[in-house]
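Q: Need coordinates for the below:
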Amino acid sequence: MSPRRLPALALVALLPLVAGCSDDDSSDGTTTTVAAGGSTTAARDDPGDATKDDLVAAIERTRRSKSMEVTLRLAFDGGSTLGSQAASIAGPIVLDGSAMELTSEVDGQAGAIRLVVLDGQAWVGGEGEEMQGALPDGVDWATLPAEDLFASPGFTNPGDLTFLYLLNGAQDIEATGEGSYRFGIDLEEAVRSSPADVQEELAGTLTFSGAADPEITGEVQLDDEGRIVALDVVGVQTPTADEREQLDLAEGDELTIELHVAVEAIDEPVEIAEPDGEIVDIADAPEVATLIGVIAG
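A: Just a heads-up that it's a prediction; the model follows:
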């Protein structure tokens, strides 16, 4: 068990780097509407009951959507000694990665890093102190081909919805309402049962460094078509006696990681505006590339 920085779910290199921010400012550039096709998925026969197979099926029902507005929040609490941190990203996305507009918030500081993807191009900006320090003077955005962004090790497309595969580890499922369920999560089983290309990322969604096994529980809400519209996961790890002594932990201190997902506006048209302001190629803003972990082609 040791102090750690939050893994950023969809913008791996973005969220942990924020220092300061100001209120969001709006763009008045040309707006492009990305049409999203409607879902053809049939509703589940009995929304009041579910097995693990039902929850696993909900993963693919959700991933077959064309677009959505998603909010991802990850919080870490290490008690009085290790401290706490919370980070989130939110905004509309087209799941194939063709369009998205995401804004980050860390420990209540909104708009620190902003990302826009549209028509094969990506823009990175924001009001955070580190982002402002990385951008050249007078510049609002750094731009690069979207394919370079997606190919970079510092970025994960939020449209992949990898975190939903935590449901592969669901056990002891209990119905708590219409389409809502509470369950335990076997993280190793979730990773083992997921597609090979997402296993590494999924394993890093909730990471614990202590010796004791964490207790991980989850709650999920499905809509009338059996798609996931909310997912809350909490992992709690109790330090061993040796860890308490080594880290001088207070009695009762635990390591807690929380993941909260909210999904709205599924398959509704997504309106993305090309950023307004002074824009430079990321080659002319190398500190931005370093800050966000992007390798530009």
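Q: quick one: contacts for the nearest residue to Gly79 once chain neighbours are set aside?
A: Spatially, and ignoring its direct neighbours in sequence, Gly79 is nearest to Asp253 (3.1 Å; C-beta to C-beta, 6 or more residues apart in numbering). Using the backbone N, CA and C atoms, a C-beta is placed for each residue, glycine as well. Residues in contact with Asp253 (C-beta atoms under 8 Å, 6 or more residues apart in numbering) are 78-82, 239, 244.
Q: Taking these, please make a ChimeraX selection of just the buried ones.
A: Listed next is the ChimeraX selection for buried residues among the contacts of Asp253, using 16 or more other C-beta atoms under 10 Å:
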select :78,79,82,239,244
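Q: export the contacts of Asp253 to JSON lines and tack on pLDDT, distance to Arg63 and secondary structure?
A: What follows is these, written out as JSON lines (pLDDT from 0 to 100; distance: C-beta to C-beta, whole Å; DSSP: H, G, I helix; E, B strand; the rest coil):
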{"residue": "Gly78", "pLDDT": "79", "distance to Arg63": "33", "secondary structure": "coil"}
{"residue": "Gly79", "pLDDT": "76", "distance to Arg63": "36", "secondary structure": "helix"}
{"residue": "Ser80", "pLDDT": "74", "distance to Arg63": "40", "secondary structure": "helix"}
{"residue": "Thr81", "pLDDT": "73", "distance to Arg63": "39", "secondary structure": "helix"}
{"residue": "Leu82", "pLDDT": "74", "distance to Arg63": "35", "secondary structure": "helix"}
{"residue": "Pro239", "pLDDT": "82", "distance to Arg63": "37", "secondary structure": "coil"}
{"residue": "Arg244", "pLDDT": "79", "distance to Arg63": "42", "secondary structure": "helix"}
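Q: related to what we said a few turns ago, surely the residue nearest to Gly79 is within a helix?
A: No: Asp253: not assigned to a helix; according to DSSP: H, G, I helix; E, B strand; the rest coil it is coil.
Q: Show the model's pLDDT score for it.
A: pLDDT, Asp253: 79.
Q: ditto for Ala43
A: Reported pLDDT for Ala43: 37.
Q: Give me the buried positions along stretch 257-264.
A: 257-263.
Q: List the contacts of that stretch.
A: Contacts of stretch 257-264 (C-beta under 8 Å, 6+ apart): 9, 62, 68-77, 163-164, 166, 205-208, 227-235.
Q: And the strands in the stretch 101-250 of the chain, which stretches?
A: 109-118, 121-125, 141-145, 170-177, 180-185, 215-222, 228-237 (DSSP state E, counting those that start in this stretch).
Q: any chance of these in a markdown table, with distance to Pro275 too?
A: Formatted as a markdown table, those follow (distance: least, C-beta to C-beta, whole Å):
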| stretch | distance to Pro275 |
| --- | --- |
| strand 109-118 | 5 |
| strand 121-125 | 5 |
| strand 141-145 | 5 |
| strand 170-177 | 40 |
| strand 180-185 | 38 |
| strand 215-222 | 34 |
| strand 228-237 | 29 |
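Q: weakest of these by average pLDDT?
A: Looking at the strands of the stretch 101-250 of the chain, the weakest mean confidence is strand 109-118, a mean of 86.
Q: Pull that strand out as PDB, backbone CA atoms only.
A: The C-alpha coordinates for strand 109-118 follow below in PDB (Å, rounded to 0.1, in the frame of the first residue of the first chain):
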ATOM      1  CA  GLN A 109     -11.100  22.300 -10.600                       C
ATOM      2  CA  ALA A 110     -13.100  22.300 -13.800                       C
ATOM      3  CA  GLY A 111     -12.000  22.900 -17.400                       C
ATOM      4  CA  ALA A 112      -8.300  22.200 -16.700                       C
ATOM      5  CA  ILE A 113      -7.800  20.200 -19.800                       C
ATOM      6  CA  ARG A 114     -10.200  20.100 -22.800                       C
ATOM      7  CA  LEU A 115     -10.200  17.800 -25.800                       C
ATOM      8  CA  VAL A 116     -12.100  18.000 -29.000                       C
ATOM      9  CA  VAL A 117     -12.000  15.500 -31.800                       C
ATOM     10  CA  LEU A 118     -13.800  16.200 -35.100                       C
END
